[in-house]
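[1] Build the 3D model from these lines:
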Amino acid sequence: MTMGVTKIWPIKDSAKRLIEYVKNPEKTEYADIQAVVHYVENGKKTVIGEEKTMYVTGLNCNAETAWQEMEAVQKRFGKVHGVLAYHAYQSFKTGEVTPELCHKLGVELAKKMWGDQYQVVVATHFNTGTYHNHFVVNAVNLWDGKKFLCNKGTYFHFRALSDELCEENNLTVIKNPKGKTPRSIYFAEKNGEPTRHNLMREAIDFAISVSVGRQDFLKVMRNQGYEITLNREHPTIKSIHEKKAVRMWRLGEEYEPERIWQRIREQDSVQKFQNSNRYWDERTKARHTYPRRCTFRGSFRKAGKVTGLRALYLHYCYLLGVIPKKQNRRPLSPEMRKAWRQIDQLTMEVQLIGKEHLDTLESVSAFIENTESQINLVTANRTQIYNQLRRCTDPERIETLKEQRNDCTAVLKRLRNDIKTAEGILDRNPRMKEEIAIEQQMRQELRPPQKTRNRSYERRI
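    Numbers count the residues shown, from 1 in each chain. Got it, this is the predicted structure:
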């Protein structure tokens, strides 16, 4: 569990359910703060299992009758609809607080945040393996009936108050609270797929391995297509072809600037100088390597010319390193490396283009319209089969109809997949052209300088 974490969100169904949750006897052991004294005096009741004693406190209400008191305030002011309560929590680093201190900080935070204006239940839990506080707040003001205004500013104020309490008690405070990562990105990063953040981490790790200092590191990152800005409160990293940057703390503690410089210093001096020299030698060699000359036997006039979408996808796959199969090369730009995440979808699009001879975007749009017409026909046919199945009593006929129904379902699945793939071609087309231009630009930087030859022409009269 991370340290000093806070969160707050609205409850619209019932505050009663929420209060019953935070007072769950499996997670809490004491009814209210007055009863704590009695339980503390009785040693047999203060320790249950592995120190899972918990506390519950009511502010501006009694913890035992909190729900009834909150409901009475809501009814008195006619505020029984919409957001009825707010649920918040505050958690601490594992092993850093005692249950008493955890609950004490929770009560102090509730007093600072809601004072004597709102009814609050504070409960301390240990069911997740770390001490944390839950807060149930009546959304209706105790005195004037106004609803509690909860927005982004409210959350930041709640977090700031919690951080102040942690600092006063010498507890760990998160300097750069992490934002929520989308599930698709989270699992993709967990599986090591080339997401935007994973590619950045990979580029930083490589740059560290071949750098001897800060300037060296920044040059290597630039060569890999990334630009790092250090003269900000939160240093950022971005692809040189993108506008939106990423704060480096989002990549993890190992990828913040101070830690990067430390990792460079911790490397073996001899080894890092050897790696650096090898990297720059190979890069210089690549810039001064001229293409091999080949002899073509035949006639270009008789050779078929590939155009349209097939030519675009052919060029794109070549830059991706997919074709030819024997080439051992990876794309240079982060944008093209990230495209590897969609290699399966790209394969299906290439197959559909070849199978249906789709050369232009207009032909793709016409293919989608034609396929939708086929789907309507097959769907109507399957509906007729379903109607016949309802009235049929012959077992053999029923089996035949079921086979026909299953065939229609298989055809519909294929047709719908084709439409999805064709729509993917339309969506990908502008991105492909941009990514190709970016990759060609990075290749241009590695291209050897062109030799210029002075030629003189004499005009004959």
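[2] Number of residues surrounding the nearest residue to Gln117 once chain neighbours are set aside?
    Of all residues not flanking Gln117 in the chain, Asn141 sits nearest, at 5.5 Å (C-beta to C-beta, 6 or more residues apart in numbering). (Glycine included, C-beta is placed from N, CA and C.) Neighbour count for Asn141, taken as other C-beta atoms under 10 Å: 17.
[3] so Asn141 sits right up against Phe148, yeah?
    Yes: taking contacts as C-beta atoms under 8 Å, Asn141 lies within contact range of Phe148: 7.0 Å.
[4] where do the contact lists of these two overlap?
    Common contacts of Asn141 and Phe148 (C-beta atoms under 8 Å, 6 or more residues apart in numbering): Tyr118.
[5] so how far is whichever strand or helix holds Phe156 off the chain centroid?
    Using DSSP states H and E, Phe156 maps to helix 152-168. Centroid displacement of helix 152-168 relative to its chain, using C-alpha atoms, centre = their mean, to the nearest Å, is 25 Å.
[6] just for the stretch 301-450 of the chain, where's the confidence low?
    301-306, 320-333, 335-338, 340-342, 445-450 (pLDDT under 70).
[7] Over to the stretch 51-200 of the chain?
    51-54, 127-129, 174-194.
[8] What are the boundaries of the strands in it?
    All strands of the stretch 51-200 of the chain, identified by DSSP state E, counting those that start in this stretch, fall at 56-59, 85-91, 120-125, 132-138.
[9] Counting by contacts, list what the shortest one packs against.
    Looking back up the chat, that one is strand 56-59. helix 99-114, strand 120-125 (3 or more C-beta pairs under 8 Å, 6 or more residues apart in numbering; DSSP states H and E).
[10] do the last one as well
    With contacts defined as 3+ C-beta pairs under 8 Å, 6+ apart, the secondary structure elements packing on strand 132-138 are helix 15-22, helix 66-76, strand 85-91, helix 99-114, strand 120-125.
[11] Leu401 is nearest to which of the ones you listed?
    helix 15-22 (49.4 Å; C-beta to C-beta).
[12] ok so, going back, tell me the most buried of the strands of the stretch 51-200 of the chain?
    Greatest average neighbour count among these goes to strand 120-125 (a mean of 27), per mean count of other C-beta atoms under 10 Å.
[13] mind listing what that one pairs with, with the direction of each?
    When sheet partners are counted by DSSP bridges, strand 120-125 sits next to strand 56-59 (antiparallel), strand 132-138 (antiparallel).
[14] Nearest to Asp163, out of these?
    Short answer: strand 132-138, nearest of the strands paired with strand 120-125 by C-beta to C-beta, at 14.5 Å.
[15] got the angle between that closest one and helix 66-76?
    Using axes from the mean of the first three to the mean of the last three C-alpha atoms, to 10 degrees, the inter-axis angle of strand 132-138 relative to helix 66-76 is 30 degrees.
[16] what residues does strand 132-138 touch?
    1, 8, 15, 18-19, 21-22, 61, 66, 70, 73-74, 84-92, 102-103, 105-106, 109-110, 114, 118-126, 148.
[17] same thing but at 6 Å, please
    18-19, 22, 70, 85-86, 88-91, 106, 110, 118-125 (C-beta atoms under 6 Å, 6 or more residues apart in numbering).
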